[in-house]
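Asker: dropping a prediction and its sequence here:
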Amino acid sequence: MRKNEYIEFELPDERKFKDFLEVFRLISESKENEDSKSEEFWLEKFPDYALENYYFAESDLKPEFKTADLDGEIWHFYTMTEHLVENLEVEFLECKRINDSLGRLDFYALSYPYGGISGMTMFLKSFGLRASKIDEGGGIYNVEWESDSEFKMNKIKTVANNGYNSLWQQIKKKFKK
C-alpha cells in the first residue's frame, strides 16, 4: 500500500471551497488527460478573487482589474497553472472537508523531488484556504504564515520520530543476534 501526502487547510468560506473544488477538478482532469489548456481557459475558470492573488506580466492575457505585484513568493498565474498541470509530479487523489473548519488535499508523489509543496500551498491560498499542516513525504509540518504570500514550515514529525524508526531498530536487533 502506498502512502500519500497531504495538505490540511482552514475552511473559512464555503463558497470559496466550492469554487476551489471546481477548479481543482479541472486541473486534475487536465493533468490526468495530459491536456494543456489555453491561457484564456484558465483565466475564465478562476474566480476574480483568486486571480487577484497572482502576478501577470505586461504581455499576458490578464483580467481587467488589479492583481498582485511581483513581490516575495507571489506566483505568476500561468506559471502556476503550468506547474500544477504539467510540471508537478504528483497524482491528485482528492480534496475534501474533514470537519467544519478543515479541509484536506490528498496527493501521491510520483517521484522525489516531485516539484515541491509551495505551488499547491499558494494555489489553495489564492482561494482563501490557508494551509495549516503539511505532509510533504519527508516529514509532517505545522504551517506558520508570515504574510499573505510567505509561510514557513515547522517540522513536527520526521522519519526519525514517527514510530517507524524505533520499530525498524527493534527488527534490526532481532536479526543481528
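Answerer: Sure, I can see it.
Asker: contacts for the lengthiest helix in the chain next, please.
Answerer: Identified as the longest helix of the chain according to DSSP state H is helix 14-32. Identification of contacts with helix 14-32 by CB atoms under 8 Å, 6 or more residues apart in numbering yields 11, 35-37, 45-47, 49-50, 81, 84-86, 88, 92, 95, 97, 103, 105, 124, 127-129. The way it works is simple: take the backbone N, C-alpha and C, and place the C-beta from them, glycine included.
Asker: what helix or strand is Gly128 on?
Answerer: Gly128 is part of no helix or strand when elements are defined by DSSP states H and E.
Asker: start to end distance for stretch 80-96?
Answerer: Start to finish, the residues bounding stretch 80-96 are 22 Å apart (CA to CA, to the nearest Å).
Asker: list the contacts of the residue nearest to the spatial centre of the chain.
Answerer: With distances taken as CA atoms, centre = their mean, Met120 lies nearest the centre of the chain, 2.0 Å away. Neighbouring residues of Met120 by CB under 8 Å, 6+ apart: Ile7, Leu84, Leu88, Leu105, Phe107.
Asker: just the ones of those in strands?
Answerer: Ile7, Leu105, Phe107 (DSSP state E).
Asker: isn't the second one right next to Phe123, touching?
Answerer: No - counting by CB atoms under 8 Å, Leu105 sits too far from Phe123 to count as a contact (9.0 Å).
Asker: quick one, which of those two is more surrounded?
Answerer: Comparing Leu105 with Phe123 by neighbour count (other CB atoms under 10 Å), the higher total belongs to Phe123, at 26 against 23.
Asker: close enough to count as contact, that one and Thr79?
Answerer: No - judged on CB under 8 Å, Phe123 makes no contact with Thr79 at a distance of 11.5 Å.
Asker: between those two, what contacts are shared?
Answerer: Joint contacts of Phe123 and Thr79 (CB under 8 Å, 6+ apart) do not exist.
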